[in-house]
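> give me a 3D structure for the following:
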Amino acid sequence: MDSIVSSSTILIRSYLTPIRSLPSSSFVSIKPLSSTQIISFETNRHTLSFTSGGKRTRKLVANAIRCGGIKEIGESEFTSTVLESDRPVLVEFVATWCGPCKLIYPAMEALSQEYGDKLTIVKIDHDANPKLIADYKVYGLPHFILFKDGKEVPGSRREGAITKAKLKDYIDGLLNSSVA
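So this is what the prediction gives:
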């Protein structure tokens, strides 16, 4: 059985059944698929629990970028979400194949909750949005750009994975200089 996790759905595929799509909530129960039954999917732990032949098994789902508190947007939502926002927006350009993007995912998720109403953090998939990649000249991933009042904040570009502490210092420095 193959499982693919995206930002908005879990796709579960068994060679005996068609592909089924389920909402990605913190706990999902579903009907049996052939001889395997999915019991739960826990997004915070990235764990898939299932039974096969009467035996319960837990599988770590590690190769996925999920956006719990961070909204993933595309070219069609960019103007309304980023350029027309009434508060600063940190845009993170990522890709599912990008190791450093996966590495900083927990830090980004924690910071999105920590900043709450002071800052909006969004992700843009590199492969699905070539026009934005070309327009903003994104050459390396992950790539960060802060927008305020519909414009890119000068000096806000950052590329590559960094620790949560350094990421927080980077964001705090930008917010203090651009909001003042």
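> what's the burial count for residue 112?
Using other C-beta atoms under 10 Å, residue 112 has 21 neighbouring residues. For every residue, glycine as well, the C-beta is placed using N, CA and C.
> doesn't residue 121 make contact with it?
Yes. Assessed by C-beta atoms under 8 Å, residue 112 is found in contact with residue 121 at 4.4 Å.
> contacts only, for residue 161.
100, 101, 103, 104, 142 (C-beta atoms under 8 Å, 6 or more residues apart in numbering).
> just to revisit the earlier point, which neighbours do residue 112 and residue 121 share?
Counting by C-beta under 8 Å, 6+ apart, the residues touching both residue 112 and residue 121 are 69, 70.
> which residue, other than its chain neighbours, is closest to residue 78?
In space, residue 78 comes closest to residue 132 once its chain neighbours are excluded; the distance is 6.2 Å by C-beta to C-beta, 6 or more residues apart in numbering.
> and that neighbour, what element?
Per DSSP states H and E: residue 132 is located in helix 130-135.
> outline the domain layout of this protein.
Domain assignment of the chain by automatic domain parsing yields the ranges 2-60, 71-179.
> can you put the contacts of residue 161 in TSV and add neighbour count, secondary structure and distance to residue 81?
Output for the contacts of residue 161, formatted as TSV (neighbours: other C-beta atoms under 10 Å; DSSP: H, G, I helix; E, B strand; the rest coil; distance: C-beta to C-beta, whole Å):
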residue	neighbour count	secondary structure	distance to residue 81
100	16	helix	24
101	22	helix	19
103	13	helix	25
104	21	helix	21
142	24	coil	18
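> now for those: which two are most distant?
Using C-beta to C-beta, the two most remote members of the contacts of residue 161 are 103 and 142, lying 8.8 Å apart.
> and for the closest residue to residue 168 other than its chain neighbours, the neighbour number?
Nearest residue to residue 168, sequence neighbours excluded (C-beta to C-beta, 6+ apart): residue 111, at 6.3 Å. Applying other C-beta under 10 Å, we find 19 residues neighbouring residue 111.
> related to what we said a few turns ago, so which elements touch the helix holding residue 132?
Using 3 or more C-beta pairs under 8 Å, 6 or more residues apart in numbering; DSSP states H and E, the elements in contact with helix 130-135 are helix 75-78.
> the residue nearest to residue 78 against residue 76, yeah?
No. Counting by C-beta under 8 Å, residue 132 stays clear of residue 76, with 10.5 Å between them.
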